[in-house]
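Visitor: for reference, the sequence and a predicted model appear below.
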Amino acid sequence: MELLHAFFQKIPMAALFVSVAIGYWIGKLRIGNFQLGGMAGTLLVAVIIGQTGVPVDPVVKDMMFALFIYATGYVSGPQFFASLNRKTISQLHLALISAITVFVLIFVIAKVMDLDKGTAAGLLAGATTESASIGTAGEALQRLGLGADKIKELQANIGVTYAITYLFGILTVIFFASRVAPRLMRTDLKREAQNLESTFGGTGTKLTPGQYDAFGALRARVYEVTNNDAVGMTIADLEARFVVRVEQAAHHEKRVDVTPDLTLQTGYRLALQGKLDQVGHAGKFVGKETANLSAIGFINEERDVIVTRKELVGKTIADAGGMLDLKHRFGVYATRLRRLDQEIPMYPQTKLQSGDVVRLIGGAEDVNNAADLIGYSLVPSKVVDYVFLGLGVLAGILIGMITVSAAGVPIGLGTGGGCLISGLIFGWLRAKHPTFGNLPGSTAQYLRDFGLAVFIASVGLATGPQAIAQIKQYGVTLPVIGICVALAPCLVMVFYGRLVLKMNPVLICGAITGNLTCTPGLNGVIDAADSSTPVLGYTVSYAISNVLLTFLGPVIVFAV
């Protein structure tokens, strides 16, 4: 212990990286379907290492939190603002009810049990698995005019309480959303998910993320016109009849310009592209398949496109496909839909939202033309617009400095709240005007994960010396309270969502995990439902609650 103390005293930075490395290793260990997760593992390891006494640089801690919270807002910005509309009013309503329930319960518990502000804020962060509220609550404590030692003690209590209640909060949400909620609603989650899939036009085929229908993927074949029935038919008629795309044509080793009114002649070679069965039917009608590719050759492209076109937002996939006529007009297929990094089932009646990411596949030129009508392309790039990033974080810091006096106490958003606001706005601006402000998805994910990991490790290292005292004071009380705080909003959401909002049970279960920012809980519901439809209830709820719970940290501090 003395050797570790001397080492970490001399090189405090080493303690941060040791905490992250070991914490993420522990977080990957799986017990059944449960994993602790890297953040919780990092905090637990940091608390243990913190017992040796490790100096924590507050500048590093604040900087990493600012980057994490800004990146979180930046990524969520388009989806957050898109969620504020009448079409998602039920999920927005449920998110507000959940946040109010959490606040009231923690406020009552804090008053009855005489919990200090730090413990109450840590209970919020742990039971709802909202790590960002650790930072916003910790900043709020500094505005209360308390002594430095008292602030340090309360901030330590936030970290310890979070570490203890997080595990019980996440387990409660996973078990309740996947097992208890369906029973309370007297529904079979699998059957209900199948019914929901049918209303969206689902085929019943079960595909996990990354899988696709091998016989439905885009295929290209070359056929020579030999059948008399095809001679004299125009390209437009052939494409419309068999739902294929004539990408190129050649005759006597020379390229023939493909136009809708081009008339087929004996000996023409056609490059047909489309779904495998459709290409096969069209090929049999045209003539015989050939390996002669002279004068024929084209490049396919797979591209992710963010939906920004106003006319498409709120439309079903079927309606949007009809508006754009991707298959006939462009020969392009949409193969994947993602929302807030979650795979969304592509059923005909699934509605598009601003910020959704659609994957297109087809000829390179066709994909480019189709993408322009959908939104803007996520062209793979490692270039970061550091001017935009720097101004965004600076704007958040300035917003956080704004204070309003209430009962003689200066109240403000702090750096965390300010950077969250600026991240939401700057992310929304980037979606509306994609010519500037590039922040690649992988970079944004890195800023979120690494920023939060270092911040959490810093909190744990500073918490270490007070951890034992906090545990001795409350004992098993904190785990029990953590379960209660996680369970109460779950129960309220089930009955309010079902009886008042008349929401589908599958969407309610997904919304429970989203409103408590519990992605492992969503995975549990997906497994229980044997369907990806719960994601439809998760995404909007997560986008809204991620903001509400982050701002609830300072509210708890000021109210308790």
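Guide: In hand now; what should we look at?

Visitor: what secondary structure does the most far-flung residue of the chain relative to its centre sit in?
Guide: Most distant residue from the mean C-alpha position of the chain: N228, 54.1 Å away (C-alpha atoms, centre = their mean). Recorded secondary structure, N228: coil (DSSP: H, G, I helix; E, B strand; the rest coil).

Visitor: any idea how far V286 is from it?
Guide: The gap separating N228 from V286 is 11 Å, by C-beta to C-beta, to the nearest Å. Placement of C-beta: from N, CA and C, glycine included.

Visitor: in contact with the residue nearest to the spatial centre of the chain, which residues?
Guide: When C-alpha atoms, centre = their mean is applied to the chain, the residue found nearest the centroid is L340 (2.9 Å). Contacts of L340 were listed using C-beta atoms under 8 Å, 6 or more residues apart in numbering, and they are 75-76, 79, 355, 539, 542-543.

Visitor: try 10 Å
Guide: 75-76, 78-80, 353, 355-357, 514, 535, 538-540, 542-543, 546 (C-beta atoms under 10 Å, 6 or more residues apart in numbering).

Visitor: just how off-centre is the longest helix along the chain within its chain?
Guide: As assigned by DSSP state H, the longest helix anywhere in the chain is helix 441-474. With C-alpha atoms, centre = their mean, to the nearest Å as the basis, helix 441-474 stands 21 Å off its chain's centre.

Visitor: buried ones in it?
Guide: Buried residues in helix 441-474, counted by 16 or more other C-beta atoms under 10 Å: 443-444, 447-449, 451-467, 470-471, 474.

Visitor: re the thing from before, now do the phi/psi pair for the residue nearest to the centre of the chain.
Guide: phi 50, psi 50 (degrees, to the nearest 10).

Visitor: do the same with D372
Guide: Phi and psi for D372, reported as degrees, to the nearest 10, are phi -60, psi -30.

Visitor: now it: how far from L171?
Guide: Look at D372 and L171: by C-beta to C-beta, they are 47 Å apart.

Visitor: distance of the closest residue to A230 other than its chain neighbours relative to N292?
Guide: Leaving aside its chain neighbours, A230 sits nearest to V286 (4.8 Å; criterion: C-beta to C-beta, 6 or more residues apart in numbering). The gap separating V286 from N292 is 14 Å, by C-beta to C-beta.

Visitor: with T129 instead?
Guide: 61 Å.

Visitor: of the two, which one has the most company?
Guide: Ranked by neighbour count (other C-beta atoms under 10 Å), T129 and N292 place T129 first, with 26 against 11.

Visitor: quick check, pLDDT for the more buried one.
Guide: Among the per-residue scores, T129 holds a pLDDT of 86.

Visitor: secondary structure element for it?
Guide: In the assignment (DSSP states H and E), T129 maps to no helix and no strand.

Visitor: wait, isn't it in contact with L522?
Guide: No: the pair T129 / L522 is not scored as a contact, 11.6 Å apart, by C-beta atoms under 10 Å.

Visitor: identify the contacts common to these two.
Guide: Common neighbours of T129 and L522 (C-beta under 10 Å, 6+ apart) are 173, 513.

Visitor: hang on, R448 packs against F65?
Guide: No: checked against C-beta under 10 Å, the pair R448 and F65 is beyond contact range at 11.2 Å.
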